[in-house]
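[1] generate a structure from the sequence data that follows.
(chains A and B)
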Amino acid sequence: AQSVTQLGSHVSVSEGALVLLRCNYSSSVPPYLFWYVQYPNQGLQLLLKYTTGATLVKGINGFEAEFKKSETSFHLTKPSAHMSDAAEYFCAVSDRGVTGGGNKLTFGTGTQLKVEL
Amino acid sequence: DGGITQSPKYLFRKEGQNVTLSCEQNLNHDAMYWYRQDPGQGLRLIYYSQIVNDFQKGDIAEGYSVSREKKESFPLTVTSAQKNPTAFYLCASSIGLAKYEQYFGPGTRLTVT
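    A predicted model of the protein is given here:
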């Protein structure tokens, strides 16, 4: 069984400050990991993904995340927050089809990012 | 422009009525998914379909039904048996293999009173 834990349902940062959103996962197989962003009343947009290879992955809008197997973590960072980054962020892990159902994602409960002037 | 469309954006129904949410994709993806989103609970999988004429229950399928008669369409029916139907519903699709990300539609907000 898989699970995703996002520490902190709400995170507040000042504009220009570092953004750090935490994600820890549990998976019985080497994971595929994703970060999505959701703006109010909209669908989810993929920020970045880790499948294999380089453990530091870069995404859109200046975000990046590092896969750390020893810590079972996939934290999302951005060096300098912008007002437009205010949104809800979801971490997800794929079961890679091992449960027999194809590509099933398990999502964390989300982190609401607030960016203040 | 390729993408996923969901209609309508907002839907209101009386308790006891069935309602069908539309989801169409022109990405030529094999797999499609329905999620339910409630505040503070993330996304929960309702049903998914890997190919036409085949679909499987997700984690919270009770009170819902789906069909997959065409590759591009995956409608979700919220039946009167669903005890708490008011929620934001998201449709997604993917190429099919596990490493491929899921692409999401804009969602339908269903309110049942």
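[2] for the nearest residue to B:N53 once chain neighbours are set aside, grab the count of nearby residues.
    Excluding the flanking residues, the one nearest B:N53 by C-beta to C-beta, 6 or more residues apart in numbering or on different chains is B:R68, at 6.1 Å. The way it works is simple: take the backbone N, C-alpha and C, and place the C-beta from them, glycine included. B:R68: 19 surrounding residues under other C-beta atoms under 10 Å in any protein chain shown.
[3] what's the pLDDT at the residue nearest to the spatial centre of chain B?
    The geometric centre of chain B, computed from its C-alpha atoms, lies nearest to B:W34 (C-alpha atoms, centre = their mean), at 2.9 Å. Note on B:W34: pLDDT of 97.
[4] quick one: it is in a helix?
    No. Going by DSSP: H, G, I helix; E, B strand; the rest coil, the assignment for B:W34 is strand, not a helix.
[5] that one contacts B:I46, correct?
    Yes. Contact criterion C-beta atoms under 8 Å: B:W34 and B:I46 qualify, at 4.3 Å.
[6] what do the two both touch?
    The contact sets of B:W34 and B:I46 overlap at B:58, B:64, B:66, B:76, B:89 (C-beta atoms under 8 Å, 6 or more residues apart in numbering or on different chains).
[7] and the first one, what does it touch?
    Listed by C-beta under 8 Å, 6+ apart, the contact partners of B:G58 are A:104, B:33-34, B:44-48.
[8] and which of those residues is nearest to B:S22?
    Nearest to B:S22 among the contacts of B:G58: B:W34, at 11.3 Å, using C-beta to C-beta.
[9] how about that closest one: which residues does it bridge to?
    B:Y47, B:C91 (DSSP bridges).
[10] so what's it up against?
    Applying C-beta under 8 Å, 6+ apart, the residues near B:W34 are B:23, B:45-48, B:58, B:64, B:66, B:74, B:76, B:89-92.
[11] cool, B:R44 as well?
    Applying C-beta under 8 Å, 6+ apart, the residues near B:R44 are A:107, B:35-38, B:58-60.
[12] now it: how far from A:F90?
    Distance from B:R44 to A:F90, counting by C-beta to C-beta, to the nearest Å: 12 Å.
[13] anything in contact with each of those two?
    A:F107.
[14] ok, which residues in chain A are in contact with chain B?
    A:9, A:32, A:34, A:36, A:41-46, A:49, A:51-52, A:90, A:94-97, A:101-105, A:107-110 (C-beta under 8 Å from any C-beta of the partner chain).
[15] which of the residues you listed count as buried?
    Buried by 16 or more other C-beta atoms under 10 Å in any protein chain shown: A:32, A:34, A:36, A:42-44, A:46, A:49, A:51, A:90, A:94-97, A:102-105, A:107-110, out of the residues of chain A next to chain B.
[16] pull the number of nearby residues for A:Q6.
    A count of nearby residues for A:Q6, using other C-beta under 10 Å, gives 22.
[17] leaving out the residues flanking it, which one is nearest to residue 32?
    With no chain named, the answer covers chain A. Nearest non-adjacent residue to A:Y32 (C-beta to C-beta, 6+ apart): A:S94, at 4.0 Å.
[18] that was the other one, I meant chain B.
    In space, B:M32 is closest to B:F74, 4.0 Å off (C-beta to C-beta, 6+ apart).
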